[in-house]
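1. Any chance you could fold what I've pasted below:
(one chain, ligands or ions: 1)
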Amino acid sequence: MEAGRRRRRPSRAKRNLTTGIAVAISGGILYGLAPGSGPLERFSIAAAHLAVLLFAFTLAIGPVRTLRREPSPVSTDRRRDLGIWTAILGLVHTIAGLEVHLGGEFRRYFTIEGLFAGAPQPAKILFVASNYIGAVAAVLLLILLGLSNDLSLAKLGRDRWKRAQRTAYLILPMLIAHGAIYQLLERRAAGLVVIFAAAILSVLGLQLAGARLRSRGPMPGPVADGPQIAHVRGDATG
Ligand code: HEM
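-> Here you go, the predicted model:
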């Protein structure tokens, strides 16, 4: 058992190192593509798009397994790690995003009064609405981050833990609304809009294809290694 654990650890560390390198390279490219009035805004935009891309990868794992007709474990290292990267980048973007407008007075992000003198009322309402939606998404990401460990899985049990993780499907429409409103308000260039739309449409397409396949008949069941713990380690599973 111990020897097995020792053998598997480097593979998870290696995968996270690879993810970290991929995040750094794509972050650099996105930073280069990002418009913005300064480095902080460009950093915020790059982190936002990276978070959405990683979120798309995380949500794609389940449907891809379904389409390959592979059993779907309740939890795996790969999905957990991608989820953790998503949450961290989403929260980094949130902190940076709260600094880039209105001189960093973030209370003004959430009230219409005194907001951008001269801006049309609908734009102000959309700005505030987008920030509330982003804030709820950020809180949900924080909760999911807190649940992404063996202890929470053992405490909640696999069914309740899985139900809690499905909150991710509530976050998806929030990110669509929040990101799209900002892209509209800030009149983003086609490149960023295409990246954002491609990530969202790929997840929606895969989820739909997976759901259609599941509706046709029974699929291989979830992998469980005990009555409460259903986490699968290593690279073999998504
Ligand atoms: C209180 C929470 C949040 C605030 C205040 C916030 C703030 C902002 C701001 C100011 C922008 C415009 C771009 C910029 O100037 O940075 C933006 C855009 C965006 N945000 Fe957020 N955000 C929040 C949460 C999130 C979360 C949790 C995510 C994803 C995990 C996210 C994803 C995006 C995306 C995809 C865009 C579009 C980027 C673009 O403008 O092209 N946001 N957000």
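
2. Can you list the buried residues in whatever helix or strand Ile143 lives in?
-> Ile143 belongs to helix 121-147 when elements are defined using DSSP states H and E. Buried residues in helix 121-147, counted by 16 or more other C-beta atoms under 10 Å: 124, 126-128, 130-131, 133-135, 137-138, 140-141, 144-145, 147. For the C-beta atoms, the positions are set from N, CA and C on the backbone; glycine is no exception.

3. Pull the helix or strand that that helix is followed by out as CSV, backbone CA atoms only.
-> Per DSSP H and E, the first helix or strand lying C-terminal to helix 121-147 is helix 150-156. C-alpha atoms of helix 150-156 as CSV (Å, rounded to 0.1, in the frame of the first residue of the first chain):
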residue,chain,number,x,y,z
ASP,A,150,-10.5,13.1,0.9
LEU,A,151,-11.7,14.3,4.3
SER,A,152,-14.8,16.1,2.9
LEU,A,153,-15.5,13.0,0.7
ALA,A,154,-15.3,10.7,3.7
LYS,A,155,-17.4,13.1,5.9
LEU,A,156,-20.2,13.7,3.4
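
4. tell me which residues in helix 150-156 are buried?
-> Quick answer for helix 150-156 (16+ other C-beta under 10 Å): 152-153, 156.

5. Quick check: of these, which lies closest to the ligand?
-> For the buried residues of helix 150-156, the residue nearest the ligand by C-beta to the nearest ligand atom is Ser152; the value is 20.5 Å.

6. Can you give me every residue that contacts the nearest residue to the closest one once chain neighbours are set aside?
-> Once flanking residues are discounted, Ser152 sits nearest to Trp161: 6.4 Å by C-beta to C-beta, 6 or more residues apart in numbering. Contact analysis of Trp161 by C-beta atoms under 8 Å, 6 or more residues apart in numbering lists 74-75, 147, 152-153.

7. just checking, what packs against the helix holding Ile143?
-> helix 77-100, helix 150-156, helix 158-165, helix 168-185 (3 or more C-beta pairs under 8 Å, 6 or more residues apart in numbering; DSSP states H and E).

8. What residues does the protein have near the ligand?
-> 41, 44-45, 48-49, 51-52, 90, 93-94, 97-98, 100-101, 109, 131, 134-135, 137-138, 141, 175, 178-179, 182-183, 186, 188, 192, 196 (C-beta under 6 Å from any ligand atom).

9. Now list the buried members of these.
-> Among the residues of the chain next to the ligand, the ones that count as buried (16+ other C-beta under 10 Å) are 41, 44-45, 48-49, 51-52, 90, 93-94, 97-98, 100-101, 109, 131, 134-135, 137-138, 141, 175, 178-179, 182-183, 188, 192, 196.
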